[in-house]
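Asker: Here is a sequence with its predicted model. Questions after.
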Amino acid sequence: MKILHTGDWHLGARLGSQDRVIDQMDRLEEIAGVLDSEEVDLLLVAGDVFDEHRTEDLGKVLARLARLLTPRIEAGLSAIFVAGNHDREHVFPLLRSLQDLVSPGEARRVIFAQHPCIEVVTSPKGESLQLLLLPYPTPFRYDLADERWPAPDAKRTALASAVRERLNYLKKKAAGERLPTILCGHLLIRGASGGSYELTEQEDILLESGDLPSYSYVALGHIHKAQQVGVPHFRYCGSIERMDRGEAQDEKSVTLVEVRQSGLDDVNEVPLDATPFADLTASSEAELEAAANQLKDVDRTLVYLTLEIKGEQSVGSIQAMAKRLFKRMYRPPEIRWLDKPVETRPNISTERADVGATVRAYLKEALLNDPDRDALLSLADELLKEKELT
């Protein structure tokens, strides 16, 4: 059976002023081409499918995704989506309910895994395999919603234990089936490099590679840089797009996996034409034009611009030219004055107290209906106190 392992699509994510949906859909078109040319049986998406929570915008993203996948599902493709930390907890149940209503005959070929579970997939040729699916650990997904913890680190420890316990349960349940087995999870495994989108190891739920069984293939999502974790068949597929400047040099790909009854047969990375980033510095209109001419595809490139300016120069005219030249400049240019004295640093200790109060007040309001409000407020308070003591 041929499997396309991908993940971290982050559909609907923005970068500053730039909507990234056009980039993401271009990558999905590439992925659709791989599905067709390689005659893939299973599309396996290892979490962080969506990064959009506004109802109207999410609906538009879903409609475009459906137009891309529906004819392939009807032709026999199976698709499994595992919930990641960026997938809002109401989205997968909503999609599953809608699917049951509008296309019950195709329901078992498209699976949205919101909770840990086992699924068996059969290809049009009659080949079968079983999958252990582990979404990103949250209290709701791992039946800990009623629990309360004294501190964020206690919550993370409890969630890591819940993942191990659920995995041991699923392993025993899966042992009776004589089928090739794949584990797919949106997890952070110690030893992975390249970071995860907006989370650090100190904030995340950390597992050891030894916690995962050595099945035919272990398909991981959450780390945006494609890589092996210890052994060739433990793999992060990486994200399909460069999310920010920190990923500007990363090559993006999807992973093509072939599994036979005897186990793993082949693994190959298929490159994607990810959107280029450019970090530019200029001090005049002539330098701006030269920088634009050096870019391979200026209209496609996401630009971070620093302007080095002297007092007699017209900042407005240089900024206006930059805006004309770089249509995908995702933030206003950073202005670096070359002939102004360095300003005296403000009283940090006084400012921190004001900033801390502002942050706390904002979070209390912003997280009003969030199920993890108490834990997030506790974590923010802990971090702010550390900063106030330094």
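Answerer: Noted; the coordinates are in hand.
Asker: could I have the helix ranked longest in the chain exported to CSV, CA atoms only?
Answerer: Taking DSSP state H as the assignment, the helix of the chain that covers the most residues is helix 152-174. Backbone C-alpha positions of helix 152-174 (Å, rounded to 0.1, in the frame of the first residue of the first chain) are rendered in CSV as follows:
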residue,chain,number,x,y,z
PRO,A,152,1.5,24.0,34.1
ASP,A,153,4.4,21.6,34.5
ALA,A,154,2.1,19.2,36.4
LYS,A,155,-0.4,19.4,33.6
ARG,A,156,2.2,18.6,31.0
THR,A,157,3.5,15.6,33.1
ALA,A,158,-0.1,14.3,33.4
LEU,A,159,-0.7,14.6,29.7
ALA,A,160,2.5,12.8,28.8
SER,A,161,1.5,9.9,31.1
ALA,A,162,-2.0,9.9,29.5
VAL,A,163,-0.4,9.5,26.1
ARG,A,164,1.7,6.5,27.3
GLU,A,165,-1.3,4.9,29.0
ARG,A,166,-3.5,5.3,26.0
LEU,A,167,-0.8,4.0,23.6
ASN,A,168,-0.2,0.9,25.8
TYR,A,169,-4.0,0.2,25.7
LEU,A,170,-4.1,0.6,21.9
LYS,A,171,-1.0,-1.6,21.4
LYS,A,172,-2.7,-4.4,23.3
LYS,A,173,-5.9,-3.9,21.3
ALA,A,174,-4.0,-3.9,18.0
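Asker: residues of it that come out buried?
Answerer: 152, 155-156, 158-160, 162-163, 166-167, 170-171, 174 (16 or more other Cβ atoms under 10 Å). Any C-beta I mention is one placed from the backbone N, CA and C, and that applies to glycine too.
Asker: The next helix or strand after that helix pairs with which strands, parallel or anti?
Answerer: If you walk from helix 152-174 toward the C-terminus, the next helix or strand you reach (DSSP states H and E) is strand 181-186. In the sheet, strand 181-186 lines up against strand 128-134 (parallel), strand 217-221 (parallel) (DSSP bridges).
Asker: The first one: which residues count as buried?
Answerer: I take that to be strand 128-134. Neighbour-count burial for strand 128-134 flags Leu129, Gln130, Leu131, Leu132, Leu133, Leu134 (criterion: 16+ other Cβ under 10 Å).
Asker: will you turn those residues into CSV that also has pLDDT and distance to Leu288?
Answerer: Formatted as CSV, those follow (pLDDT from 0 to 100; distance: Cβ to Cβ, whole Å):
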residue, pLDDT, distance to Leu288
Leu129, 94, 54
Gln130, 96, 57
Leu131, 97, 51
Leu132, 98, 53
Leu133, 98, 50
Leu134, 98, 49
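Asker: State the number of residues packed around Ala192.
Answerer: The number of residues packed near Ala192 is 22, by other Cβ atoms under 10 Å.
Asker: Give me the secondary structure label for it.
Answerer: Using DSSP: H, G, I helix; E, B strand; the rest coil, the secondary structure recorded for Ala192 is coil.
Asker: Which phi and psi values does it adopt?
Answerer: phi -70, psi 140 (degrees, to the nearest 10).
Asker: can you pull the pLDDT of it?
Answerer: Predicted confidence (pLDDT) for Ala192: 89.
Asker: so where is the chain shaky, pLDDT-wise?
Answerer: Along the chain, the model assigns pLDDT under 70 to residues 98-107, 195-201, 341-355, 365, 368-372, 385-390.
Asker: closest one to Val121 among the strands paired with strand 181-186?
Answerer: In terms of Cβ to Cβ, the element of the strands paired with strand 181-186 nearest to Val121 is strand 128-134, at 6.1 Å.
Asker: Would you check how far apart Gln249 and Gly194 are?
Answerer: 11 Å (Cβ to Cβ, to the nearest Å).
Asker: higher neighbour count, these two?
Answerer: Shown here are Gln249 and Gly194; by other Cβ under 10 Å, Gly194 has more neighbours (15 against 8).
Asker: need the contact list for that one.
Answerer: If you count contacts by Cβ atoms under 8 Å, 6 or more residues apart in numbering, Gly194 has them with Ile223, His224, Lys225, Gln227, Gly238, Asp250.
Asker: Now render those residues as TSV, adding distance to Leu379, neighbour count and secondary structure.
Answerer: Written out in TSV, the entries for those read as follows (distance: Cβ to Cβ, whole Å; neighbours: other Cβ atoms under 10 Å; DSSP: H, G, I helix; E, B strand; the rest coil):
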residue	distance to Leu379	neighbour count	secondary structure
Ile223	21	24	strand
His224	23	26	coil
Lys225	26	17	coil
Gln227	28	15	strand
Gly238	27	27	coil
Asp250	28	18	coil
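Asker: how's the chain carved up into domains?
Answerer: Each domain of the chain is listed here as a residue range: 2-271, 277-337, 348-389, per automatic domain parsing.
Asker: Tell me which of those domains is the most buried.
Answerer: Here the criterion is mean neighbour count by mean count of other Cβ atoms under 10 Å, and of those the winner is domain 2-271, at a mean of 18.
Asker: what are the C-alpha coordinates of stretch 83-97, in CSV please?
Answerer: Listed in CSV are the C-alpha atoms of stretch 83-97, where the atom choice follows Å, rounded to 0.1, in the frame of the first residue of the first chain:
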residue,chain,number,x,y,z
ALA,A,83,-5.8,16.6,15.3
GLY,A,84,-2.8,18.8,16.2
ASN,A,85,-2.4,21.6,18.7
HIS,A,86,-3.5,24.2,16.2
ASP,A,87,-6.7,22.3,15.3
ARG,A,88,-9.5,23.8,17.4
GLU,A,89,-11.3,21.1,19.3
HIS,A,90,-14.7,21.9,17.8
VAL,A,91,-13.6,21.6,14.2
PHE,A,92,-13.0,17.8,13.8
PRO,A,93,-16.3,16.7,15.5
LEU,A,94,-18.1,19.2,13.3
LEU,A,95,-16.5,17.8,10.1
ARG,A,96,-17.2,14.3,11.1
SER,A,97,-20.9,15.0,11.8
